[in-house]
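**Q** Pasting the sequence and the predicted model now:
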Amino acid sequence: MLQDILRALVLVFVIEGILPFVLPSRSRLLFARLAQLDERAVRVLGLTSMLGGVISLQLLRWFA
């Protein structure tokens, strides 16, 4: 189980690195815009991302 968690964490790093690698100038613009958001908006974005991930995992579990 610990190995699965570590694999998932490493996969997150790989996926997060794709955008800055492929589109570095766009990534800078995106990060600059994110830095300008207030704390509440960043929290809502994070919550939305987490819920989307959990729902996606559940759908994969049901249909894959």
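**A** Done, it's in. Residues are numbered from 1 along each chain as shown.
**Q** List the residues that contact residue 52.
**A** For residue 52, the contact set (CB atoms under 8 Å, 6 or more residues apart in numbering) is empty. For every residue, glycine as well, the C-beta is placed using N, CA and C.
**Q** What's the separation between residue 11 and residue 56?
**A** 13 Å (CB to CB, to the nearest Å).
**Q** actually residue 19, not the one I wrote
**A** The spacing between residue 19 and residue 56, counted by CB to CB, is 18 Å.
**Q** These two: which is more packed in?
**A** residue 19 (13 against 10; other CB atoms under 10 Å).
**Q** can you count the residues close to the closest residue to the more buried one other than its chain neighbours?
**A** Closest residue in space to residue 19, ignoring its immediate chain neighbours: residue 27 at 5.3 Å, by CB to CB, 6 or more residues apart in numbering. By the criterion of other CB under 10 Å, residue 27 has 14 neighbours.
**Q** helix or strand right after the helix or strand where residue 27 lies?
**A** In this assignment (DSSP states H and E), residue 27 forms part of helix 24-36. Moving toward the C-terminus from helix 24-36, the next helix or strand (DSSP H and E) is helix 39-63.
**Q** average pLDDT across stretch 10-22?
**A** Averaged across stretch 10-22, pLDDT comes to 95.
**Q** Please disregard the earlier target; I meant stretch 38-48.
**A** 97.
**Q** Dump the C-alpha coordinates for that stretch into PDB.
**A** The C-alpha trace of stretch 38-48 is given here as PDB (Å, rounded to 0.1, in the frame of the first residue of the first chain):
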ATOM      1  CA  ASP A  38      -7.200  35.800  -3.400                       C
ATOM      2  CA  GLU A  39      -6.900  33.000  -0.900                       C
ATOM      3  CA  ARG A  40     -10.500  32.000  -1.100                       C
ATOM      4  CA  ALA A  41     -10.300  31.600  -4.900                       C
ATOM      5  CA  VAL A  42      -7.200  29.400  -4.600                       C
ATOM      6  CA  ARG A  43      -8.900  27.300  -1.900                       C
ATOM      7  CA  VAL A  44     -12.000  26.800  -4.100                       C
ATOM      8  CA  LEU A  45      -9.700  25.900  -7.100                       C
ATOM      9  CA  GLY A  46      -7.900  23.300  -4.900                       C
ATOM     10  CA  LEU A  47     -11.200  21.800  -3.600                       C
ATOM     11  CA  THR A  48     -12.600  21.600  -7.100                       C
END
